[in-house]
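> I would like the atomic coordinates for the input below:
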Amino acid sequence: MRKIGFYIIAFLIVISCQTQNNIVSVEPVGLDWLPDSDEFNAGAILVPENHDNPDGKKIQITYIVLKAKDTLSNKFPMIFFSGGPGGNTISPRMIEFLKVHSMRNERDIILFDQRGIGYSSAMPDMSYDAFDIMAEDADEEEELALTVSMLDKFKKMCEEQGINPEYYNTIQNAKDVGMLFKHLGYEKYNLFGGSYGTRIARVVQDMFPEYIHSSVLDSPAPLSGDFLVNRLDSYSLALGRIFEFCDNDPDCKTEYPGLEKDYFKAISTLEQKPLKTSLNDSIDVTINAQDGVYLLRRLLYQTNSRENAPTLIKAFIEGGGAIINEVLSFEYHLTGGLNLTMLLSVEKYENFNPANTPEVISEIYNEYPLIPVKLGFFDAFYIAGMNWHTNNMPLEDRKFQDSEVPTLIFVNRYGPVTPPKNGVLFQENLINGTLLVLDEGGHGGGNRGCKDQVTINFMNDPNAVPDFSCLNIFVE
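Alright, predicted model coming up:
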């Protein structure tokens with residue numbers, strides 16, 4: 001009888017733990033690869049698919065806590081927000097990287113996969129299908145038709161799996177984080193977001209300021225703006241700066257004396273004769289004009305983009321498949337490992353403008369002489385994606401609130417998708433915000449060791465006078 005009573009008490013304790021703060025904890029699925037070690041604490045919680053209907057369908061949010069190396073440290077933990085939208089965080093590679101990272105010396109690091117990604121009730125991913133479309137020699141009309149067909153296919157897949165794409169967005173993401181904060185039970189958190197992760201972190205600051213000790217935002221992605229037009233604008237700006245850099249750099253100018261003219265020649269060459277090649281994983285690809293623009297823009301994400309962009313332009317002209325393969329280091333994921341279904345669900349809600357019809361978009365292209373053809377993938381994805389779901393965030397709500405949270409912003413001067421003006425937009429509503437424009441290429445790259453140390457110092461004491469002397473800061 002005593003034995004039965006013991007089991008009943010133990011069962012009640014388990015139920016109590018599972019429903020603490022009214023948040024249900026469940027076993028994470030698929031983390032068998034995680035080492036059995038006291039260094040890690042893995043778990044999952046159930047959250048509403050639609051937080052406005054808390055009693056409705058639930059989805060799973062999976063997390064891993066990497067414990068601080070200094071077990072006696074009482075520093076507030078850091079929670080990481082991945083980019084994208086659609087970039088997963090939890091992976092063996094990420095764990096191995098962070099196990100030895102200095103960020104973990106004195107604080108726990110919290111990783112979680114955002115809803116619809118990776119180990120958190122993932123949506124079916126259209127990335128591979130999208131790559132197959134780009135790999136074909138499809139003109140702009142054909143690419144749009146193929147993209148419409150692809151979205152129809154994945155919309156049906158979501159319906160069959162009971163997934164409602166209209167609820168996969170930054171606002172719902174941020175509310176998931178609020179539940180995770182309560183579940184983990186720390187007094188305060190340091191936020192660290194990269195690219196799209198800055199958008200989530202910034203919304204979390206607004207929703208849950210009482211939990212935030214500091215916030216570090218690298219390559220800021222605003223809540224306002226337009227999915228396609230912003231990309232046209234930032235690509236044109238970054239490319240123009242590459243041309244300017246080459247014109248003023250003696251070595252680059254000697255090797256590429258007319259880089260801007262070569263760029264237009266490369267696009268024209270690809271229009272007349274698309275280039276057939278294979279990328280790193282031996283997938284055959286036909287690169288036409290709009291693909292060439294897409295791939296060059298993709299290259300600009302790399303830290304060494306100022307050096308490699310001229311090489312790629314020359315390879316387009318000369319048909320150098322091997323050179324293209326070498327400088328791109330491309331993979332069989334159109335946007336670099338992002339779940340495109342999640343990306344579209346998020347951006348359709350908060351970064352699509354229903355007023356931008358194909359006719360309006362064609363007129364907008366006239367404002368960007370450095371983009372003489374449609375932007376491969378993104379143009380068709382934007383136009384076809386208008387019908388992905390019907391949920392649109394009101395334009396007047398696409399803004400951040402005033403925040404007193406100490407915030408540090410990094411942005412690269414030559415960034416192809418998050419230009420310096422994004423940092424200015426972020427800083428506008430920050431009462432205690434510092435913006436650092438780095439004279440660097442790429443998307444979030446640069447002097448990583450220095451940035452890490454600056455970040456650690458900031459998280460330790462966000463109100464101290466900072467030392468940025470190791471950073472390559474751009475001064476007008």
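> what residue ranges in the stretch 51-200 of the chain score low on pLDDT?
The stretch 51-200 of the chain contains no residues with pLDDT under 70.
> That one: helices as residue ranges?
The residue ranges that make up the helices of the stretch 51-200 of the chain, judged by DSSP state H, counting those that start in this stretch, are 92-99, 127-135, 140-160, 170-184, 196-207.
> So which of these is nearest Ser121?
Among these, the nearest to Ser121 by C-beta to C-beta is helix 170-184 (10.5 Å). No exception for glycine: its C-beta is placed from N, CA and C like everyone else's.
> tell me what that closest one is packed against?
The contact analysis (3 or more C-beta pairs under 8 Å, 6 or more residues apart in numbering; DSSP states H and E) places helix 170-184 against strand 40-48, strand 58-66, strand 109-112, helix 196-207, helix 340-350.
> what's near enough to touch the nearest residue to Asn460 once chain neighbours are set aside?
Sequence neighbours aside, Lys75 is the residue nearest to Asn460 in space, at 6.8 Å (criterion: C-beta to C-beta, 6 or more residues apart in numbering). Shown in contact with Lys75 (C-beta atoms under 8 Å, 6 or more residues apart in numbering): 68, 106-107, 459-460.
> returning to that earlier point: let me have the helices of the stretch 51-200 of the chain in JSON lines, extended by mean neighbour count and distance to Ile242.
Output for the helices of the stretch 51-200 of the chain, formatted as JSON lines (neighbours: other C-beta atoms under 10 Å; distance: least, C-beta to C-beta, whole Å):
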{"stretch": "helix 92-99", "mean neighbour count": "13", "distance to Ile242": "30"}
{"stretch": "helix 127-135", "mean neighbour count": "19", "distance to Ile242": "23"}
{"stretch": "helix 140-160", "mean neighbour count": "16", "distance to Ile242": "25"}
{"stretch": "helix 170-184", "mean neighbour count": "20", "distance to Ile242": "31"}
{"stretch": "helix 196-207", "mean neighbour count": "25", "distance to Ile242": "24"}
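> Just tell me which of these ends up closest to Asn304.
Of the helices of the stretch 51-200 of the chain, nearest to Asn304 by C-beta to C-beta is helix 92-99, at 20.6 Å.
> which residues sit against the closest one?
Residues contacting helix 92-99 (C-beta under 8 Å, 6+ apart): 33-34, 39-40, 64, 66, 104, 109, 111.
> Buried only: go through those residues for me.
Buried subset of the contacts of helix 92-99 (neighbour count, 16 or more other C-beta atoms under 10 Å): 40, 64, 66, 104, 109, 111.
> where exactly do the strands run in the stretch 351-476 of the chain?
For the stretch 351-476 of the chain, the strands defined by DSSP state E, counting those that start in this stretch cover 407-414, 433-441.
> one step back: with distance to Glu326 as extra columns, can I get the helices of the stretch 51-200 of the chain in TSV?
Listed next are the helices of the stretch 51-200 of the chain as TSV, based on distance: least, C-beta to C-beta, whole Å:
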stretch	distance to Glu326
helix 92-99	23
helix 127-135	19
helix 140-160	26
helix 170-184	36
helix 196-207	28
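> Output the contacts of Lys75 as TSV; include the columns neighbour count and distance to Phe181.
Formatted as TSV, the contacts of Lys75 follow (neighbours: other C-beta atoms under 10 Å; distance: C-beta to C-beta, whole Å):
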residue	neighbour count	distance to Phe181
Ala68	20	18
Glu106	16	20
Arg107	22	16
Met459	24	16
Asn460	15	20
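> quick one: which of those is nearest to Glu140?
Scanning the contacts of Lys75 for proximity to Glu140, where the rule is C-beta to C-beta, the winner is Met459, at 46.7 Å.
> List the contacts of the residue nearest to that closest one when sequence neighbours are not counted.
Nearest residue to Met459, sequence neighbours excluded (C-beta to C-beta, 6+ apart): Asn190, at 4.4 Å. Neighbouring residues of Asn190 by C-beta under 8 Å, 6+ apart: 76-79, 107, 212-216, 459.
> Report the beta-bridge partners for Asn190.
Under DSSP bridges, the beta-bridge partners of Asn190 are Met78, Ser214.
> How much space separates it from Pro466?
Distance of Asn190 to Pro466, computed by C-beta to C-beta, to the nearest Å: 15 Å.
> Name the spans of the stretch 301-450 of the chain whose pLDDT lies under the cut-off.
Judged by pLDDT under 70, the stretches of the stretch 301-450 of the chain that qualify are 329-336.
> coming back round to it: could you save the buried ones among the contacts of helix 92-99 as CSV and add columns showing distance to Glu350?
As requested, the buried ones among the contacts of helix 92-99 are exported to CSV (distance: C-beta to C-beta, whole Å):
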residue, distance to Glu350
Phe40, 33
Ile64, 28
Leu66, 31
Arg104, 32
Ile109, 28
Leu111, 24
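> Just give me the closest of those to Ile431.
For these, the nearest to Ile431 is Ile109 (27.3 Å; C-beta to C-beta).
> pLDDT value on Leu222, please?
No Leu there; residue 222 is Pro. As predicted, Pro222 sits at a pLDDT of 91.
> do the same with the one 5 residues further on
For Phe227, the pLDDT comes out at 94.
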